[in-house]
Each structure stands twice: as C-alpha cells, then as structure tokens.
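> A structural model of the following input is requested.
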Amino acid sequence: MKKTLSLVAALSVALSAPGMAAEKFTFMTNWYAQAEHGGFYQAQAQNLYRDAGLDVTLKMGGPQVHTMQLMAAGQADCIISDNMQALQSWQSGVEAMPVATTFQHSAIVFITHPDVKSQADLQGKTFLLASEAYTSYWPWAQSALNLKAARARPYTFSIQPFLADKTLVQQGYLTSEPFAVQKAGAQANVYPISEWGYPPYGNSIVCMKSTVEKRPQVVAAFVKASMQGWKNYLQDPSAGNALIKKENPNMGDDQIAFSLAQMKKYQMLTGGDAQTQGIGIMTESRLKQTYQLLVENKLIDPAKVPFEGSYNLTFIQDAKVMP
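Model (predicted):
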C-alpha cells in the first residue's frame with residue numbers, strides 16, 4: 001500500500017510539473033448543475049484542476065441520461081453515482097468502483113405531513129416512490145422500518161399530489177423537494193432515512209476499474225482538487241455558483257442558497273468520518289454495510305458481485321482535505 005501511495009504521489013507531482021501537457025478528464029454529474037455539485041464547479045472556476053495538471057470537462061446529467069452506461073461506453077472518465085449503484089453495475093458486467101464521495105450519508109428523505117412525528121407513525125401510510133426506489137432504499141425500508149404492509153404509488157416528480165392528500169408520504173432529496181414544499185407555503189416534516197440506519201454514501205465519485213488502473217495519477221489529482229474545491233465552496237461559494245448558473249440558467253439563487261444551507265445543517269460533507277479523515281472520505285466498513293444490504297435484499301448476487309476489489313480508497317485516503 002505504501003508503495004502504491006508513493007507512486008500516486010510521485011505521478012501527481014509529475015503531472016502538474018511545468019511544461020507538461022494537461023491531461024484531459026471528463027466528469028459527468030447526475031443532474032443539471034446545482035449546489036449539490038458545487039465543489040466540482042468551484043474547483044473548475046478557481047483553476048484547481050488546471051493547477052493539478054488536468055484539463056477537466058464537467059458534463060451535466062439529467063432526466064433519461066444513463067451516466068453509468070455513458071461512462072462504460074467511454075463518454076466519461078468518472079461520474080457522480082453512489083456506492084450502491086456501483087455495486088449493482090457489476091452484476092451487469094460494468095466494473096465501476098467508488099473512489100471518494102461527496103456526501104457522508106444519503107440525501108434521500110421521506111417527507112410527511114405534520115401528523116407523522118416519528119418513524120412509527122409511517123405505518124399504514126401510502127408512499128409516493130420513483131421507480132429506482134424499488135432497487136435501492138425501498139426494500140431496506142420495508143424491512144428495517146417495518147413497512148412491509150405499506151402501500152406505494154408512483155412519484156411523478158411533482159409535489160402537488162402530496163400537497164393535495166394529507167395521508168401521503170413522499171420520497172424526496174434533502175436539498176430539493178423540501179424547498180418546493182416550503183415555497184408552496186405548506187407545513188411538512190423531513191426525515192433523512194440515513195438517520196434511521198440507511199448506510200450508502202451520497203453523490204460518490206465513481207470510475208471504471210480500468211480507468212483507476214490505467215490512470216491512477218489522473219484520478220488522484222482529480223479527487224484531491226475536487227475535495228479542495230468542496231472545502232472552498234463551503235467557505236465562499238460565489239465562484240462555483242457563478243459557473244453553476246452559467247451552465248444551468250434555470251437555477252435560481254434561492255434554490256442554491258437553500259441547498260447549501262441544508263448541506264451545512266446536516267453536515268453532509270463535513271460530518272461523520274470526514275471530521276477526522278477529510279472531506280470525501282469513505283471507509284471499508286461503510287461500503288461493506290451497503291454490500292450486505294444489497295445481498296440481504298437480493299438486489300445483487302454475491303456469487304457474481306465481489307466485495308473485494310469493488311472499490312478503491314487509496315486516492316481519498318491520501319487526499320486528506322480537512323473540513
């Protein structure tokens with residue numbers, strides 16, 4: 001391990017040496033530009049990638065954009081995904097591995113009306129769920145939260161059905177749907193499911209195994225600069241926000257401000273292990289919890305999906321960008 005770290009460090013220095021051509025690197029996010037991607041845009045705006053010897057292109061994801069497939073097809077070097085999706089990709093022959101994370105916990109929440117005051121009050125409710133819920137957190141919730149008798153209806157990415165029916169519970173993203181509910185003037189409770197034990201990280205940096213093996217110095221440089229970008233963004237987001245709004249003109253200042261406030265309030269980047277090991281840190285024990293969740297809920301076949309070798313923590317352990 002020490003030899004690997006030394007090699008990566010040496011190659012990273014060489015990569016940024018004067019006169020060296022910048023290495024092209026394409027990173028694809030999971031949605032249109034927003035505060036949840038702020039650190040990457042901050043790194044771009046403040047030339048942190050350039051200073052690390054990289055010529056980075058940030059590509060936006062969006063609805064119907066299958067980022068994992070695009071990465072597998074060579075359209076991106078790394079993407080924003082999560083460690084659960086990365087493991088599931090192995091089952092379909094795509095060897096994608098997380099190398100760092102953005103959020104120390106999942107940003108998935110259940111949004112309820114004020115009558116739901118605890119997890120126990122969820123019993124007997126009808127949930128509005130997107131299709132991907134059934135291959136990620138919903139099997140876990142049915143078991144861990146004792147929701148096997150709960151009913152489910154499709155979530156159409158509109159809060160109107162929830163607002164109209166006081167008996168419904170809606171899935172959401174900590175930085176998104178709560179803002180829409182607040183803007184509509186409605187009262188609601190927001191429950192991050194990570195606080196009830198849901199183990200995956202959120203918005204992780206996921207790369208192809210082949211990229212990690214063939215371009216370790218580039219991945220190391222990208223991870224380090226990105227984490228510094230996130231630290232800078234949390235301190236003063238103005239540079240990153242300007243680039244976000246340039247890339248996504250529909251993104252308003254009020255939404256950005258709400259998202260940033262939520263990320264800080266819930267210590268999404270700076271909580272947990274990040275407090276002592278640095279922004280973006282992932283641990284083997286947390287990754288193993290997600291693996292076991294998938295196996296227990298029959299979402300992956302352990303005979304086809306190995307745990308060993310499905311991740312690489314070298315780069316983020318070496319980065320050590322402290323909050």
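> where do the helices sit along the stretch 51-200 of the chain?
Remark: helices assigned in the stretch 51-200 of the chain by DSSP state H, counting those that start in this stretch are 67-72, 83-91, 137-144, 160-164, 177-183.
> buried deepest among these, which one?
Neighbour counts (mean count of other CB atoms under 10 Å) averaged over each of the helices of the stretch 51-200 of the chain peak at helix 83-91, with a mean of 22. In short, each C-beta sits where N, CA and C put it, glycine included.
> report the angle between it and helix 137-144.
Helix 83-91 and helix 137-144 are oriented at 110 degrees to each other (axes from the mean of the first three to the mean of the last three CA atoms, to 10 degrees).
> how about the residue nearest the centre of the chain, secondary structure?
Here the mean C-alpha position of the chain is nearest to the C-alpha of residue 203 (CA atoms, centre = their mean), at a distance of 0.6 Å. Under DSSP: H, G, I helix; E, B strand; the rest coil, the three-state class of residue 203 is strand.
> okay, it: pLDDT?
Predicted confidence (pLDDT) at residue 203: the value is 97.
> what helix or strand is the nearest residue to residue 295 once chain neighbours are set aside located in?
Ranked by CB to CB, 6 or more residues apart in numbering and with sequence neighbours excluded, the top spatial neighbour of residue 295 is residue 302, at 5.1 Å. Using DSSP states H and E, residue 302 is not contained in any helix or strand.
> kindly tell me how buried residue 302 is, as a neighbour count.
11 (other CB atoms under 10 Å).
> what of the one 5 residues further on?
Here the number of neighbours of residue 307 (other CB under 10 Å) works out to 18.
> neighbours of the residue nearest to residue 110 when sequence neighbours are not counted, just the number please.
Nearest non-adjacent residue to residue 110, counting by CB to CB, 6+ apart: residue 191, 4.8 Å away. By other CB under 10 Å, 18 other residues sit near residue 191.
> and the pLDDT at residue 191?
Predicted confidence (pLDDT) for residue 191: 97.
> roughly how far apart are it and residue 220?
37 Å (CB to CB, to the nearest Å).
> can you check residue 27 too?
For residue 27, the distance to residue 220 - CB to CB - is 14 Å.
> ok, residue 68 next?
Taking CB to CB, one finds residue 68 at 22 Å from residue 220.
> do the same with residue 271
24 Å.
> for residue 68, which residues are in contact?
79, 81, 85, 89, 94, 96, 206 (CB atoms under 8 Å, 6 or more residues apart in numbering).
> isn't residue 109 up against residue 195?
No - Residue 109 lies out of contact with residue 195 (CB atoms under 8 Å); the separation is 9.3 Å.
> ok, the closest residue in space to residue 46 that isn't next to it in sequence - how many residues close by?
Distances taken as CB to CB, 6+ apart put residue 239 closest to residue 46, at 5.5 Å, once the chain neighbours are dropped. Around residue 239 there are 19 other residues, counting by other CB under 10 Å.
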